[in-house]
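In: fold the following, please.
(3 chains)
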Amino acid sequence: MTEFALTDFAVARGPCDVLRDINLTVGAGEFVGLLGPNGAGKTTLMRAALGMMPHRGHSALAALSARDRARHVAWLPQAREIGWPVSVADLVTLGRLPHLARGQKPGDADRAAIEAALARMGLDGFRTRIATQLSGGEQARVLIARALAQDTPLLMADEPAAGLDPAHQLGLMDTLAAEATRGRSVIASLHDLGLAARYCTRLVVLWQGGIAADGPPQDVLTPDLLARVFQIRAHVQQTEDGPICQPLGVV
Amino acid sequence: MQISAPLAEHSTLAFRRASKALAAALALWAGAAAAGPPERVVSINLCTDQLAMLLAEPGQLVSISRISHDPNVSVMLDEALGYPVNHGQAEEVFRLSPDLVLAGQFTSSYTVGLLRRLGVEVVQLPIIHALDDIPGAIREVGRLLGREDRADTVAAQFEHDLAALRADLDTRPRAALHYANNYTSGDKSLANDILTAAGFANIALEAGLSGGGTLPMERLVMLMPDLIISGQQYPGASRSEAVLTHPAMNALRDRHAGSALSDAEWVCGTPAVLRAIARLQEAGQ
Amino acid sequence: MTRALALVLVALIVALFALSLLIGPAGLSPATSLAALIRGEGLAETLVMREIRLPRAILAAIIGAALGLAGAAMQGYLRNPLAEPGLLGVSGSAALGAVIALQTGFAAQFALGLPFAALIGAVLAVGLIIALAGPRGGALTLILAGIAVSALAGAFTALVLNLSPNPFAASEIMFWMMGSLADRSMTHVWLAAPFIVLGAVVLLAQGRAFDALTLGEDSAASLGVNLSRLRLMLVLAVASMVGAATAVAGAVGFVGLVVPHILRPFVRARPSSLLWASALGGAVLVLAADIAVRVVLPDRDLKLGVLTAIVGAPLFLHLVFKTRGQAL
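Out: Residues are numbered from 1 along each chain as shown, chains lettered A, B, ... in the order given. Prediction:
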């Protein structure tokens, strides 16, 4: 089933369209990197697709009821907010809310999903730690674990790699790629072209309100596109470890 | 502004000390005023308003205080409506060019001081705490106004009427004075004198209250008075007065005690208190 | 652990409620009190127990619960430990509504006019605060908005009381600003209780939504929380509870600040658990404070808000100090 499908999708801010004529479908097993310079509308696209902003056209997710949507997509906003000093286990348990009826306590299936999410983010030893007292990188991992615990067919993340050290960036991308290989769809906005090229199965580049490019990394990250959209030149190469994209300078 | 007796009596002690000094000042003044009766008298206090209206020559009293026009507190409303009112402020009183200003003990000391600095004669009359002090106060105001004969007549009439009313009983029904904020009046208060004269015993004395003070509603209920004399309710609304109609008090009135109202007639030491005594006696029967 | 907390809080409520019934200037023995309360023995004793002490104890419990719960809910919604109905001017605005209803005669004309008017005042304040604080409003915005709303409500309350023809009204600003349960009656219980119960039922049902909001509004929305519905529920329920509480007892401040702050560690900081815990804790605090005002100064009507502010204001400063780095 296709979770993410936008048809003739447009978002306006005031009188001007920030996004228009967007047609985008993401299938199971895809790990889509959403690229674009600052202000291209990556966050807007994802939030509007989730029905959190007014929009025109059709979005499969926005058409769902809030309850159903929460079972179909997990959303990880860029702002890493943890409002109260709750434990890591309690925070990750929040991911199970959409699966629990009102007043229902987490059951075996929920606990299994929570354990799996903690394990995948390497947080086994963190269960009783207070989330707000962790480092920024650790908090990011805890929040991703929360999204994983939601156990939805689609995972959407806004700049999940921002602020992580290289090891945790790579670990995160490994995790997201692994989720895709398990049959989930993953959509993540990214600024790091290297990470995007290396891990994503498909890149979608937003520019000037539309989709400038859409396809496998090696097809999208052409010198022409990099110069036109990002105003950079980069070294792009196919290696045994996958494609590599190393920005070299500003055009 | 004097609202009601219990409020005023709240600071009886300080007041009594002040009144000694005042008496000395009055004596000094009496000597100087021998020149002749004042021609333009302004009263800026509810109680002096009433005594002045009772005693003044026509035309002698040129203004009375605003609250004398308030039907809730004025016992001489009809007479009062015949006088222009002032708001007790120095500026407007001065413009009336009075040769005598009658004020109460608790009239703002700034107003009084300012008027005196402007050369206006101001006499502050003490608040009356006993029925027996009323004839003296009447004669005092009479002397100030140069109306000694009229004052003698009024005072004598009052003494006569009071003696006729005064109850002398062996067994007295017990009455509770219940004002806003659970204030009550103990001995050495005009209200206590009024209810004693009417033939009641004041439960505030049983509760050990002297002068004025608060008697918690719980204790009032436990004392089980035979009569509850409630303070007057003013227009608008206040939480202070809510205690007067508290369900516990209503239930006590319904199931045990009689009820009476302490109104404007209880406020000032003037012959109006006789009506209060008479009404209370009716309520007791 | 949360079960143990619930048991302790309930036990405290029962004990303080009983103590509240047994304390008073009438000096009744516990046996007499009980006989009067339950069997109605003795007219005077029965009136004291059933018409004076019982409503006072009940009001202390439900008003405390209302303020504690309202504080926990506002904090949960705004994710800010400084959010409190008293500090943000909600109580003050409710007091203004109540004073207007009393002085215009609206309260006398309609049975529920008083709490309803207070509710309207509170709705305006909560609505304004939430609109001003917004989804990303920091502590500074929140507190500044609260100061403005409080000051305005206080000024208008003073104005209305000064314009009243009643000579006592003007001196009652202290009651409306600080709150007191002295000489309240069963009438007040029946006025306040329905609004408080209704608000509590609505708020306690939003526990999951408050939990989800730990992650911020976007994440909460993605977890299935209908934010606009939650906002509406919060505004109405908080206004209903704070409005009713203030209408009968005046504005008792800091309960909604102190109670959630103390109890948060005991419920592992989970906003949903904090809701019921703060309701119970609020009842404990106000019952205790109302006993204290009677024990400390038995003859004076010491205002409840004086005690809660003595406890609450230093804590508030401590919280400002702590959150200063993050939010301001």
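In: can you report how many residues neighbour the residue in chain A that chain B sits nearest to?
Out: Per CB to the nearest CB, A:W84 is where chain A lies closest to chain B, at 39.0 Å. The way it works is simple: take the backbone N, C-alpha and C, and place the C-beta from them, glycine included. As a burial measure, A:W84 scores 23 neighbours (other CB atoms under 10 Å in any protein chain shown).
In: wait, a strand at it?
Out: No. Going by DSSP: H, G, I helix; E, B strand; the rest coil, the assignment for A:W84 is coil, not a strand.
In: and it, how far from C:H261?
Out: Here A:W84 is placed at a distance of 12 Å from C:H261 (CB to CB, to the nearest Å).
In: chain C contacts on the stretch 151-285 of chain B?
Out: Residues of the stretch 151-285 of chain B lying near chain C by CB under 8 Å from any CB of the partner chain: B:180-182, B:213-214, B:216-219, B:221-224, B:234-243, B:246-248, B:251-252, B:255-256.
In: please identify which helix or strand holds A:C245.
Out: strand A:242-250 (DSSP states H and E).
In: run me through the strand neighbours of that strand, direction for each.
Out: strand A:232-239 (antiparallel) (DSSP bridges).
In: which residues does the partner strand contact?
Out: Strand A:232-239 has contacts (CB atoms under 8 Å, 6 or more residues apart in numbering or on different chains) with A:193, A:197, A:218, A:221-223, A:226-227, A:243-251.
In: alpha carbons of it, as CSV, please.
Out: This file holds the C-alpha atoms of strand A:232-239, laid out as CSV (Å, rounded to 0.1, in the frame of the first residue of the first chain):
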residue,chain,number,x,y,z
ILE,A,232,28.1,24.1,-5.5
ARG,A,233,30.4,21.8,-7.4
ALA,A,234,31.0,18.4,-5.9
HIS,A,235,32.9,15.2,-6.4
VAL,A,236,30.5,12.5,-7.2
GLN,A,237,31.7,8.9,-7.6
GLN,A,238,30.3,5.5,-7.6
THR,A,239,32.3,3.2,-5.2
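In: in that strand, what's buried?
Out: A:232, A:234, A:236 (16 or more other CB atoms under 10 Å in any protein chain shown).
In: so how far is A:T201 from the second one?
Out: By that I understand A:A234. 20 Å.
In: let me see the ranges of the strands in the chain.
Out: Since you didn't name a chain, this refers to chain A. A:4-13, A:16-26, A:31-35, A:56-59, A:73-76, A:154-158, A:185-189, A:202-207, A:210-215, A:232-239, A:242-250 (DSSP state E).
In: hmm, I had chain B in mind actually
Out: B:41-43, B:61-65, B:85-86, B:100-104, B:122-125, B:174-178, B:183-185, B:201-202, B:212-214, B:227-231, B:258-262.
In: quick one: which of the ones you listed is nearest A:K42?
Out: Smallest distance to A:K42 across the strands of chain B (CB to CB): 70.2 Å, for strand B:212-214.
In: which secondary structure elements does the closest one contact?
Out: Applying 3 or more CB pairs under 8 Å, 6 or more residues apart in numbering or on different chains; DSSP states H and E, we find strand B:212-214 packed against strand B:183-185.
In: parallel or antiparallel, which strands does the strand it packs on pair with?
Out: Strand B:183-185 has these strand partners (DSSP bridges): strand B:212-214 (antiparallel).
In: mind checking how far the partner strand is from the chain centre?
Out: Remark: strand B:212-214 is offset 17 Å from the chain centroid, using CA atoms, centre = their mean, to the nearest Å.
In: what's the answer for stretch C:270-282, then?
Out: In this view, stretch C:270-282 has its centroid 13 Å away from the chain centroid, taken as CA atoms, centre = their mean.
In: does that stretch reach chain A?
Out: Yes. Judged by CB under 8 Å from any CB, stretch C:270-282 comes into contact with chain A at C:270-271.
In: make a ChimeraX selection of the buried ones in the contacts of strand A:232-239.
Out: One line in ChimeraX is enough to select the buried members of the contacts of strand A:232-239, burial here meaning 16+ other CB under 10 Å:
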select /A:193,197,221,226,243,244,245
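In: give me phi/psi at B:A130?
Out: Dihedral pair for B:A130: phi -150, psi 150, per degrees, to the nearest 10.
In: these two touch, right, it and B:I194?
Out: No. The pair B:A130 / B:I194 is not scored as a contact, 10.1 Å apart, by CB atoms under 8 Å.
In: between those two, which is the more surrounded one?
Out: The neighbour comparison of B:A130 against B:I194 (other CB under 10 Å) goes to B:I194, with 25 against 14.
In: return the per-residue confidence for that one.
Out: Here, the pLDDT recorded for B:I194 equals 94.
In: what helix or strand does the residue nearest to the spatial centre of chain C sit in?
Out: The residue lying closest to the centre of chain C (CA atoms, centre = their mean) is C:L67, at 2.5 Å. Applying DSSP H and E as the criterion places C:L67 in helix C:54-78.
In: next SSE downstream of that helix?
Out: By DSSP H and E, the next helix or strand past helix C:54-78 is helix C:90-104.
In: ok, B:A167 - contacts?
Out: Applying CB under 8 Å, 6+ apart, we find B:A167 in contact with B:197-199, B:281.
In: please report phi then psi for it.
Out: phi -90, psi 140.
In: got the contact list for stretch C:176-188?
Out: By CB under 8 Å, 6+ apart, stretch C:176-188 touches B:182, B:217, B:242-243, B:246-248, C:50-52, C:54-56, C:59-60, C:63, C:92, C:95, C:98-99, C:154, C:157, C:161, C:246, C:248-253, C:290, C:293, C:301-306, C:309.
In: can you list the low-confidence ranges for chain A?
Out: Where chain A drops to pLDDT under 70, the residues are A:1-2.
In: can you tell me which residues contact the closest residue to chain A within the stretch 51-200 of chain B?
Out: For the stretch 51-200 of chain B, the residue closest to chain A is B:N181, as judged by CB to the nearest CB, at 44.7 Å. When contacts are counted by CB under 8 Å, 6+ apart, B:N181 touches B:214, B:240, B:243, C:168, C:301.
In: per-residue pLDDT, the second one?
Out: Among the per-residue scores, B:S240 holds a pLDDT of 90.
In: tell me, how many residues neighbour it?
Out: The burial count for B:S240: 24, using other CB under 10 Å.
In: do you know how far it is from C:F168?
Out: 4 Å.
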